[in-house]
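Peer 1: I'd like to go over a predicted model; first the sequence, then the structure.
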Amino acid sequence: NDMLWWQRTAYHFQPEKNWMNDPDGPLFYKGWYHLFYQYNPDSAVWGNITWGHAVSRDMVHWYHLPIAMVPDRWYDINGVWTGSATFLADGKLVMLYTGSTKESVQVQNLATPADEDDPLLLDWVKYDGNPVLVPPPGIGPKDFRDPTTAWSAPDGSWLLSIGSRVNTSGLALVYRTRDFKTFDLLDGVLHAVPGTGMWECVDFYPVSTSGGRGLDTSANGPGVKHVLKASLDDDKHDYYAIGTYQLEANTWTPDDPEIDVGIGIRYDYGKFYASKSFYDQERKRRVLWGWIGETDSERNDLRKGWASLMAMPRIVTFDNKTGTHLLQWPAEEVDQLRREMKEFSDVEMNPGSVVPLDVGVAAQLDITAEFEVSKEALEAIMEADVGYNCSTSDGAAGRNKLGPFGLLVLADESRSEQTAVYFYVGKNADGNLKTFFCQDTLRSSRANDLIKRVYGSVVPVLDGEKFAVRVLVDHSIVEAFAQGGRTCITSRVYPTKAINGAARVFLFNNATGTQVTATSVKIWQMSSAFIRPYDFQAQSA
Ligand code: DQQ
């Protein structure tokens, strides 16, 4: 195990040991952020799923609490699966979750806090009348799961969505309830997209088109658009689309049918799945939690005794500059972990060059970087580059007129290992610039039993904008945000040499004929977060 201990991260949330997957029912209650999550208490692989539980004042430092719910009833004996929290008008809290029954049928169950005065929400009571929902006619017994947070209708009733599929069409059903015990299935579906398969972990929430603050899940009206997100069971990616919600008609319509749910934009082009957002009523923002799995072997996970992280909490806003994208950005509380900073200004990156940035130990970092290319150089990109695709390219080693250029992180001195975060600028058939944002893990480790890929996609770069990126580095995870969070890529990497004191950072420019200037690169050392069991003797909430 000596070779594995350092893969453990220092400021990303994870249980002390064993397996974690989806975030469940995130919420803020009486001064604490709560995170529940799919958890196997017995092993570092999926199974025997319970709800793990942790609380935090700031979503960065965490206390582990006892498991909140275990599979102990016929209706959830095969697993207490994913669910969501809803605050009722009187401030009371209800939790709906999927149970896998003794027959492995997916049903929905209600749970409420045993003691509403307990800020830690330690004990949960499963409702006597569970299950409150079973698969409706025409829906398969294993295609009915992951209830959303409910939103309120003008008549005071509550609506919520559950993901499903019919044949290969993924879809979101909507139910109406007043008490979370009895429900009516509404006619039609909120939305369906052919060919996208089973929709897991549907999320549905409003965003303000004037940007800025987040909206309560029930908000609607002028200046509001609705985001629909589905986690595609078939390809294990989270896709969102922005559109308009017609409550009366029980339907949601994407702004652009070409960028519909499951065929358009992803939250993250790397390893990121089964995410869930919640409205933080304390700080008036929408927070997104995403599950980051492993890309090593199951054997490795069993040896290291744990699997999975949570992405850092991301604040989600509507990008009113593009109108097509959301912006995802680490919650400002993450900045508290920043310690000493080194800044590098106006670094000239010649074609084919690699520039070391001396920051000392480089295993826990927060990096912001801005790159500039002269107008003439951009205009000189003549060739149409419609065929470029991060995933099928040569990654950081490929060469073109204007790219790739960017950063190498978790690299050793000789760069026998490196993870590249980079831009690649090409042109569309119509002559407009088309920028790609990619992350190349092909050389991230000398170990072989790993998935190594080039991740990425297009990122809109508007007139007058520099190429801007933020990268969070934490031992075995690289979370990268381009253009303020329009396009995000998270990867898990398992270097064997570029670890702890041996980890380095470089700038690189593999363009063939174009000079790139790193106008400003700021690199902070990041402290470790306190993530530890709650001490019931010493602490009082
Ligand atoms: N994980 C849960 C399901 C959900 C899936 C089971 C998504 O409820 O559909 O652990 O990762």
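Peer 2: That came through, no problem.
Peer 1: contacts, neighbours, all on C-alpha from now
Peer 2: Will do.
Peer 1: Spell out which parts of the stretch 401-541 of the chain neighbour the ligand.
Peer 2: For the stretch 401-541 of the chain, no residue is in contact with the ligand (CA under 6 Å from any ligand atom).
Peer 1: just checking, P119 touches Y29?
Peer 2: Yes - contact criterion CA atoms under 8 Å: P119 and Y29 qualify, at 6.4 Å.
Peer 1: and the two? which has more neighbours close in?
Peer 2: Legend: neighbour count by other CA atoms under 10 Å for P119 and Y29, higher for Y29 (20 against 16).
Peer 1: Ramachandran angles for that one?
Peer 2: Backbone torsions for Y29, taken as degrees, to the nearest 10, come to phi -150, psi 120.
Peer 1: list the contacts for it?
Peer 2: Listed by CA atoms under 8 Å, 6 or more residues apart in numbering, the contact set of Y29 reads P119.
Peer 1: try the one 4 residues further on
Peer 2: Under the criterion of CA under 8 Å, 6+ apart, the neighbours of Y33 are 26-27, 55-59.
Peer 1: Tell me the bridge partners for the closest residue in space to E372 that isn't next to it in sequence.
Peer 2: Once flanking residues are discounted, E372 sits nearest to T517: 5.1 Å by CA to CA, 6 or more residues apart in numbering. Note on T517: beta-bridge partners by DSSP bridges are E348, E372.
Peer 1: Verify the contact between D203 and F278 for me.
Peer 2: No - contact between D203 and F278 fails when scored by CA under 8 Å: they sit 9.4 Å apart.
Peer 1: looking at this, Q525 is in a helix?
Peer 2: No - Q525 is assigned strand when assessed by DSSP: H, G, I helix; E, B strand; the rest coil, not a helix.
Peer 1: from here on, count from 825
Peer 2: Okay, residue one is now 825; in that scheme the one you just asked about reads as Q1349.
Peer 1: and it, how many neighbours?
Peer 2: Q1349: 21 surrounding residues under other CA under 10 Å.
Peer 1: Using the three-state scheme, assign the nearest residue to it once chain neighbours are set aside.
Peer 2: Using CA to CA, 6+ apart and skipping residues adjacent in sequence, the residue nearest Q1349 is L1189, 4.8 Å away. Secondary structure of L1189, reduced to three states by three-state DSSP: strand.
Peer 1: Taking the stretch 1125-1274 of the chain, what residue is nearest to the ligand?
Peer 2: Going by CA to the nearest ligand atom, the ligand is nearest to S1132 of the stretch 1125-1274 of the chain, at 11.9 Å.
Peer 1: For the ligand, see how far away the residue nearest to that residue when sequence neighbours are not counted is.
Peer 2: The shortest distance from S1132 to any residue other than its chain neighbours is 4.5 Å, reached at G1117 (CA to CA, 6+ apart). Distance, G1117 to the ligand, using CA to the nearest ligand atom, to the nearest Å: 10 Å.
Peer 1: Could you pull up the contacting residues of G1117?
Peer 2: So G1117 contacts 845, 1095-1097, 1131-1133, 1316 (CA under 8 Å, 6+ apart).
Peer 1: near the ligand, which residues of the protein show up?
Peer 2: Checking the chain against the ligand by CA under 6 Å from any ligand atom, the hits are 846, 862, 905-906, 969-970, 1024-1025, 1098.
Peer 1: which SSE is the closest residue to the ligand within the stretch 1075-1224 of the chain in?
Peer 2: Per CA to the nearest ligand atom, A1098 is where the stretch 1075-1224 of the chain lies closest to the ligand, at 5.1 Å. A1098 belongs to strand 1097-1104 when elements are defined using DSSP states H and E.
Peer 1: Heading C-terminal from the lowest-mean-pLDDT helix or strand in the chain, find the next helix or strand.
Peer 2: Least confident helix or strand of the chain, by mean pLDDT, DSSP states H and E, is helix 1199-1203 with a mean of 85. Moving toward the C-terminus from helix 1199-1203, the next helix or strand (DSSP H and E) is strand 1229-1235.
Peer 1: if I pick R1356, what's in contact with it?
Peer 2: 840, 886-888.
Peer 1: now, among those residues, which is nearest to the ligand?
Peer 2: E840 (18.5 Å).
Peer 1: ok, whatever residue of the stretch 1225-1365 of the chain ends up closest to the ligand - how many residues close by?
Peer 2: Residue nearest to the ligand within the stretch 1225-1365 of the chain: T1314 (16.9 Å; CA to the nearest ligand atom). Neighbours of T1314 under the rule other CA under 10 Å: 22.
Peer 1: and if you look at Q1242?
Peer 2: Residues near Q1242, counting by other CA under 10 Å, number 30.
Peer 1: same thing with D941?
Peer 2: Per other CA under 10 Å, the neighbour tally for D941 reads 9.
Peer 1: can you give me the strands in the stretch 875-1024 of the chain?
Peer 2: 886-893, 904-911, 917-924, 930-937, 948-950, 975-976, 982-990, 993-1001, 1007-1009, 1015-1017, 1023-1032 (DSSP state E, counting those that start in this stretch).
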